[in-house]
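Visitor: quick one, fold the following:
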Amino acid sequence: MDRHKLEQSLSWRRVAYMGFAALVFLMILAAAYSLMVFRALRDQGEKENLAADLALAEIGTQFISDHQDSLLDRLLGVTARNVFRQAVRQPDLQDLQALLRPLGTASQEVESVFLADAHGRLLVSLPPLPEQETPHPGLPLERLPGTPSRPWVSPVHPGLKPPHQPVVTLSVPILDNDGSLRGFLGVCQRVEYWEQFFQRLSSRPGRTFHLFDQRGRLVAQGVQHAAEDLASLGSLTREVREDLQRRGRAVSALAGDPESRHYAFASAAPVPDLGWVLVVVYDYQAAMSPTRAMFKNIVFFLLLLFGALIVMGFLMLSRYRMQQLMLGRMDEEARRLEAVVQQRTADLRSSTERYRSLVQDLPDMVYEMDALGKLTFVSNASQTVLGYRPEEMVGHPRREYVLPEDRHKFDDERTRAEQGEQLSNLVIRHLAKDGGVRWLAIHSRGIFDGQGNVVGRRGVARDMSQQVLAERRVRELSHLLIKAQEEERKRVALDLHDELGQLLSALKIGLQSLAHQQGGEESGEFERLIRLSQKIMDRIRALAYHLRPAILDSFGLVAALEDLCDSLAESGLVEVERHVQEFDEKAFNSEGKLALFRFVQESLTNVVKHAHSPRAEVRLEGGEGFLRVMVRDFGRGFNVEQALGSGLEDKHLGLLGMEERIRLIGGQLSIQSSSEGTTLTAVVPLGEKP
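Guide: So this is what the prediction gives:
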């Protein structure tokens, strides 16, 4: 072997040793990093489990407090009834049993309902309980020196009903008019109700719930696949309850026995107003199992990565020689590619020229501007759109050509672009060279550098002036058509009410007079004609009201909406719940009131015809400078986009008409629909002309 080959061999070995040393160093760093990751995941998992258990304990205590308060409120509601007070004074045992029976059958949690005297002796109980010489063990006879004046939830005690299962007594005092104590009304609540509640609260293995009363005795507990025994749970709950008493608020901590190496997350929270304590214990091993599994996956991935690095190192060493051999070929290929690049550059230059020619020939104005908002390129269409030559606009801020009243929209677009918005669609007014105003539809896109910073914006501006003017004329025509329609409705309603109403009234009076004169067998036919005339009169009044309700012109929008809801509810077609708030109707003109009334009328008509909803809700609320009207049903709903985009079909004309009426008075209409119902909301400004 010559010297050159020897030096080359030593060089290869040196490179191999350095590569393996680097791989070993990377493996050590990866092991240290994995340990740091595991510790971070463990700490984060402990914090999250403590926070979750504490939140679960607080939610559970709030539910317990609300549930017990609701039972006490029901008892207070019974004692407040005059019938109950009269039955207690007599006393009438049958009436008392009838009054107490709904309390005993309302829920499975109630074991018994009872009425006791001031000394705690039972007077009435459902179901009947054995007679007791001693006072009821769940009444607060010894806790107050005078007359008890507050509801009471007792500690756990054996029930009076065989087989004497543990219960909790909820009682309220019965006071005479002079404030003296007459007795107690109470229910005995089964403890197993809370055990079932805790079993449903969480299905995670290793989590236990413990509820303690005022005296520290266990009321109920729920265990889901607990890995620890009940003795260990008892010591943990005792520790966390002592910590709760010291701090006076909800606590959570990692507790356990160092000798047995048994740890758990323990959280305790007081039940408001009851003196009870709810303790949640979550086994540490069960709680942290997802974290350990995640760490194992990370270690496996790192080991797999290290193996891949080793394989790649050997492959790189084996291919290094081949790379050296291919360097010559690559030089030749580079020269060939250089020729290709030159050809592509020429093609790109040609394409750029074609693109520029295409841009210059477009009827829409194409522009580019830098990060400061100055125009750097403007197409030839600027002469037809705004009257300026491109060289007159280049170098000037584009904001100068925007109408001053619309420059805030331009500033908002620029702010959004600086925040990273890529696409923007905007219609704003511009000043032309001849002093006129042009409506331009701007479609622009942000230009970003390699770091994602905004360096400019490129867009296309289309002259929409004729279209905007046409839309404005259409809106004016729609406004005139609706106004004419309402005037015609008003005239027809007055004719129906004044002329036909008077004629039918005269006809009815004449028929009644003839019926009175004729009598005999012909009176039945006259009665039928009188009823028919009255039916026609009622139908004409309803038709006149539908065409133009007189109450809207006489008493205002609030009265008209209330009358509309009441009349629809009286018809039996749908139950209407209304929440109509008074507002200053002087700040709202007659066209706005009529548009909102038609909106509610058409919405309720759709509820009856299409929604198949048993009830509807109408809401009118006033705010700072606006008025909100909402109509909601609880029917089957519909596809809003399909309904509004299906054109002028008869079944969707109502929605289009409502949307047009609200838009003409300067408001906005939103429609939300699902399988649970539909909500239509109209928001219109106050104090403005439509």
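Visitor: now do the strands in the stretch 151-300 of the chain.
Guide: In the stretch 151-300 of the chain, the segments counted as strands under DSSP state E, counting those that start in this stretch are 152-153, 157-158, 166-175, 181-190, 207-212, 218-224, 251-257, 262-270, 277-283.
Visitor: may I see those strands arranged in CSV, with mean pLDDT as well?
Guide: Formatted as CSV, the strands of the stretch 151-300 of the chain follow (pLDDT from 0 to 100):
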stretch, mean pLDDT
strand 152-153, 86
strand 157-158, 86
strand 166-175, 88
strand 181-190, 87
strand 207-212, 82
strand 218-224, 73
strand 251-257, 72
strand 262-270, 78
strand 277-283, 80
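Visitor: I'd like these laid out as TSV, including mean neighbour count and distance to Leu680.
Guide: (Glycine included, C-beta is placed from N, CA and C.) Compiled in TSV, those are given as follows (neighbours: other Cβ atoms under 10 Å; distance: least, Cβ to Cβ, whole Å):
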stretch	mean neighbour count	distance to Leu680
strand 152-153	22	47
strand 157-158	15	56
strand 166-175	23	45
strand 181-190	24	46
strand 207-212	24	46
strand 218-224	19	46
strand 251-257	18	47
strand 262-270	25	44
strand 277-283	26	45
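Visitor: out of those, nearest to Arg462?
Guide: Arg462 lies closest, by Cβ to Cβ, to one member of the strands of the stretch 151-300 of the chain: strand 251-257, at 62.6 Å.
Visitor: mind saving the C-alpha coords of stretch 389-396 as PDB?
Guide: This file holds the C-alpha atoms of stretch 389-396, laid out as PDB (Å, rounded to 0.1, in the frame of the first residue of the first chain):
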ATOM      1  CA  ARG A 389     -52.100  58.600 -16.200                       C
ATOM      2  CA  PRO A 390     -50.100  55.900 -14.500                       C
ATOM      3  CA  GLU A 391     -47.000  58.100 -14.100                       C
ATOM      4  CA  GLU A 392     -49.200  60.700 -12.300                       C
ATOM      5  CA  MET A 393     -50.100  58.200  -9.600                       C
ATOM      6  CA  VAL A 394     -46.900  56.300  -9.200                       C
ATOM      7  CA  GLY A 395     -45.000  57.500  -6.100                       C
ATOM      8  CA  HIS A 396     -48.100  59.000  -4.400                       C
END
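Visitor: okay if I get the strands of the stretch 151-300 of the chain as a markdown table plus distance to Ala52?
Guide: A markdown table is the format used below for the strands of the stretch 151-300 of the chain (distance: least, Cβ to Cβ, whole Å):
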| stretch | distance to Ala52 |
| --- | --- |
| strand 152-153 | 28 |
| strand 157-158 | 34 |
| strand 166-175 | 28 |
| strand 181-190 | 28 |
| strand 207-212 | 10 |
| strand 218-224 | 15 |
| strand 251-257 | 9 |
| strand 262-270 | 9 |
| strand 277-283 | 8 |
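Visitor: of all those strands, which lies closest to Arg42?
Guide: Arg42 lies closest, by Cβ to Cβ, to one member of those: strand 251-257, at 11.2 Å.
Visitor: and the closest one, which strands flank it?
Guide: Strand 251-257 has the following sheet partners, assigned by DSSP bridges: strand 262-270 (antiparallel).
Visitor: now do the strand it pairs with against strand 277-283, angle only.
Guide: On the basis of axes from the mean of the first three to the mean of the last three Cα atoms, to 10 degrees, strand 262-270 is oriented at 160 degrees to strand 277-283.
Visitor: using PDB, write out the CA atom coordinates for strand 262-270.
Guide: Extracted in PDB, the C-alpha atoms of strand 262-270 (Å, rounded to 0.1, in the frame of the first residue of the first chain):
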ATOM      1  CA  HIS A 262     -48.900   5.000  48.400                       C
ATOM      2  CA  TYR A 263     -49.700   8.500  47.200                       C
ATOM      3  CA  ALA A 264     -52.900  10.100  45.900                       C
ATOM      4  CA  PHE A 265     -54.200  13.500  44.900                       C
ATOM      5  CA  ALA A 266     -56.600  14.700  47.600                       C
ATOM      6  CA  SER A 267     -59.000  17.700  47.200                       C
ATOM      7  CA  ALA A 268     -61.500  19.000  49.700                       C
ATOM      8  CA  ALA A 269     -64.200  21.700  49.400                       C
ATOM      9  CA  PRO A 270     -66.800  22.800  51.900                       C
END
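Visitor: what is the orientation angle of it with strand 207-212?
Guide: With the same axes, to 10 degrees defining the directions, strand 262-270 sits at 40 degrees from strand 207-212.
Visitor: what secondary structure does Val618 sit in?
Guide: Here Val618 takes the strand state, with states given by DSSP: H, G, I helix; E, B strand; the rest coil.
Visitor: that one: how many residues sit nearby?
Guide: A count of nearby residues for Val618, using other Cβ atoms under 10 Å, gives 21.
Visitor: tell me the contacts of the nearest residue to it once chain neighbours are set aside?
Guide: Nearest residue to Val618, sequence neighbours excluded (Cβ to Cβ, 6 or more residues apart in numbering): Arg578, at 4.6 Å. Counting by Cβ atoms under 8 Å, 6 or more residues apart in numbering, Arg578 touches Leu561, Glu562, Cys565, Glu617, Val618, Arg619.
Visitor: can you verify my assumption that the third one contacts Val576?
Guide: Yes: here Cys565 reaches Val576: they are 4.3 Å apart, a contact under Cβ atoms under 8 Å.
Visitor: which neighbours do those two share?
Guide: By Cβ under 8 Å, 6+ apart, the residues touching both Cys565 and Val576 are Leu604, Val618.
Visitor: pLDDT on the helix or strand where Leu26 lies, on average?
Guide: Using DSSP states H and E, Leu26 sits within helix 3-79. Across helix 3-79, pLDDT averages out at 75.
Visitor: which PyMOL command selects the buried ones in the contacts of Arg578?
Guide: Typed into PyMOL, the line below selects the buried ones among those, using 16 or more other Cβ atoms under 10 Å:
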select buried, resi 561+562+565+617+618+619
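Visitor: among the contacts of Arg578, which two are most distant?
Guide: Across the contacts of Arg578, the longest distance by Cβ to Cβ is 13.9 Å; it joins Glu562 and Glu617.
Visitor: Thr679 against Arg632, yeah?
Guide: Yes: using Cβ under 8 Å, Thr679 makes contact with Arg632 at a distance of 4.5 Å.
Visitor: so what are the domain limits for this protein?
Guide: Domain ranges of the chain: 81-190, 362-463, 467-548, 555-690, per automatic domain parsing.
Visitor: any chance of the ones you listed in JSON lines, with distance to Phe63 too?
Guide: Output for the domains of the chain, formatted as JSON lines (distance: least, Cβ to Cβ, whole Å):
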{"stretch": "domain 81-190", "distance to Phe63": "13"}
{"stretch": "domain 362-463", "distance to Phe63": "43"}
{"stretch": "domain 467-548", "distance to Phe63": "50"}
{"stretch": "domain 555-690", "distance to Phe63": "26"}
